[in-house]
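Q: Just a sequence and a predicted model for now, questions to come.
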Amino acid sequence: MLYRYCRLSQLKKNVLSGPVLAVGSIPVLLISYPLYLYYLGTKLYGLWATISVVVAFSQLGNMGINTAIVKYTAEEYGKRQTEAITEYFTTSVCILAVASALIIAILVVFRYQIVAFLDLDKEYQQRALVLVPWVGGLSVIAFLANLARGTLTGIGRADLSNYVFLGGRLMQVAVSLLFLAIGLGIWGLFLGALFSHLIVLSGYIGILTRYKIRLFSCSAFRRDKFRALMQFGGTLWTAQTISMLTEPFNKVVISKYVGLSEVTFYDIAVKAVVQLRGIYAVGLAALVPKISEIRGRFSDFKDRIADVHDKGVRFAGLAGFPLFFGLFMFCRPMMKTWLGANYDEQIVFGFRILLLSYYLNLLAVPSLNVFLGLGRMRVCFNSIAMRSFLNFSVVFLFILLNSTITLNLMFVIHSTCVVVVSVYVSVNYVRRTWLEDHR
């Protein structure tokens, strides 16, 4: 079997590594959640999930650079211009250094206002005040790890990138559970995440060094690379900012209008379904650098890209259906067994409706990757903006009308927005808008 794997093309290895990553992450998910809830309870874990909103907002500081570095690294590596890769990475680090310093300063100065906005119970406010700045610092290390991961993916080794990331996930759970077991409480989750990011960053740097990629040089900052990164990443950053109106916003709404325990239930259902979608979507992400490479190397790139896209859709549809359908039918007994005393019927409702919407979304992933690989950011931006504003508008309307906000309602809104965006991306691919400016 190892011999057959070694004979596969690099693209197939990259695509297959996605399912390996996601499948390998499922046992991590199955083991970690019951134990986290055992040590912390639904409310304290709900506090961690709510504070994770701060991490989501902190990630705006990456300025969209993490995605931009994949595109430009792939283009330069296709030309074997390793010095240009060093220039892109160094310039990216400089950009993120300024953004990171600003983020930490904001979190330290405005931590009281942030906690007040989250509207937490008094018994959890002091813990949140201490955690918020530290969680912001954690996001800075995540910036660097994601940047190195993007570079490794850009040189065509998404497989190694995914396997290192999986190792980091295993390390995070192991370290978190160790610290939870000795009584550190919610800080155990923080320390687990910290160790994970450091291990993953070290792994990425080690692999890139073996490929003779010099990541950083004090003299490698380039203004033209800065402009390119900001132009491409700026659109993604705007989209990221708008995307805060979806899952992070929903967690805040659930915390304020429903309860911390319901934040936990929402987090479990969403993460579980996104993890299942990732079994296929993470592998399909390997199409982005491949499409960028095809665009730069071949004159008949249109037919080649269409062929790669169609194979991606067939892979997603045929491979994904048995898993999504089977879980839809048998999720109730599985959830009861998995969560035990922490089981709640609301999780089953949310899990099922999310399964339907994210399966449709999975079919649109290859189309989205075509637009990303070609740098056609309009459709990517519009899809994120559409989902975010639709989610925000509907939730805000319910709040404005003083209607009862329930967890099930939030699941329905989330799923509807995912379906609408999936249809939009697919329609734009069929209309071949990705060929604009390439005719």
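A: Nice, thanks for sending it over. Numbering: from 1, shown residues only.
Q: In contact with F324, which residues?
A: L276, L355, Y358, Y359 (CB atoms under 8 Å, 6 or more residues apart in numbering). Quick note: C-beta positions are derived from backbone N, CA and C, even for glycine.
Q: again, 7 Å this time
A: Applying CB atoms under 7 Å, 6 or more residues apart in numbering to F324 gives the contacts L276, L355, Y359.
Q: From V412, how far out is it?
A: Plainly put, F324 is 18 Å away from V412 if you go by CB to CB, to the nearest Å.
Q: try L178
A: Using CB to CB, one gets 39 Å for the distance from L178 to V412.
Q: who's more crowded, these two?
A: V412 (17 against 14; other CB atoms under 10 Å).
Q: do you know how far the more buried one is from V395?
A: 11 Å.
Q: Need the overlap of contacts for the two.
A: Shared contacts of V412 and V395, defined by CB under 7 Å, 6+ apart, are absent.
Q: for the record, mean pLDDT for the helix or strand hosting R127?
A: Here R127, judged by DSSP states H and E, is contained in helix 122-154. The pLDDT scores in helix 122-154 average 84.
Q: continuing past it, what's the next helix or strand?
A: Following helix 122-154 in sequence, per DSSP H and E, is helix 158-181.
Q: what's in contact with the helix or strand following that next one?
A: Per DSSP H and E, helix 158-181 leads on to helix 186-210 as the next helix or strand towards the C-terminus. For helix 186-210, contacts defined as CB under 7 Å, 6+ apart pick out 40, 44, 47-48, 127, 131, 134-135, 138, 141-142, 144-145, 148-149, 151-152, 160, 164-165, 167-169, 171-173, 175-176, 179-180, 215.
Q: Check stretch 346-361 too.
A: 265-266, 268-270, 272-273, 277, 320, 324, 327-328, 331-332, 335, 407-408, 411-412, 415, 418-419, 422.
Q: Closest one of the contacts of F324 to Y429?
A: Closest approach to Y429 among those (CB to CB): Y359, at 17.6 Å.
Q: Figure out how far the helix or strand that contains that closest one is from the centre of its chain.
A: Here Y359, judged by DSSP H and E, is contained in helix 345-373. Put simply, helix 345-373 sits 13 Å off its chain's centre (CA atoms, centre = their mean, to the nearest Å).
Q: Any buried residues in it, and which?
A: Using 16 or more other CB atoms under 10 Å as the burial criterion, the residues of helix 345-373 that qualify are 346-373.
Q: swap in stretch 27-46?
A: By 16+ other CB under 10 Å, the buried positions in stretch 27-46 come out as V28, L29, S32, Y33, Y36, L37, Y39, L40, T42, L44, Y45, G46.
Q: what sits up against it?
A: Outside stretch 27-46, the residues within contact range by CB under 7 Å, 6+ apart are 169-170, 173, 177, 180, 185-186, 260-261, 263-264, 268, 272, 275, 338-340, 342.
Q: which helix is the longest one in the chain?
A: helix 10-58 (DSSP state H).
Q: helix or strand right after that one?
A: Next element after helix 10-58 (DSSP H and E): helix 65-78.
Q: Can you pull the poorly scored residue ranges out of this structure?
A: For the chain, the stretches with pLDDT under 70 are 1-8, 54-64, 232-245, 296, 298-300, 432-439.
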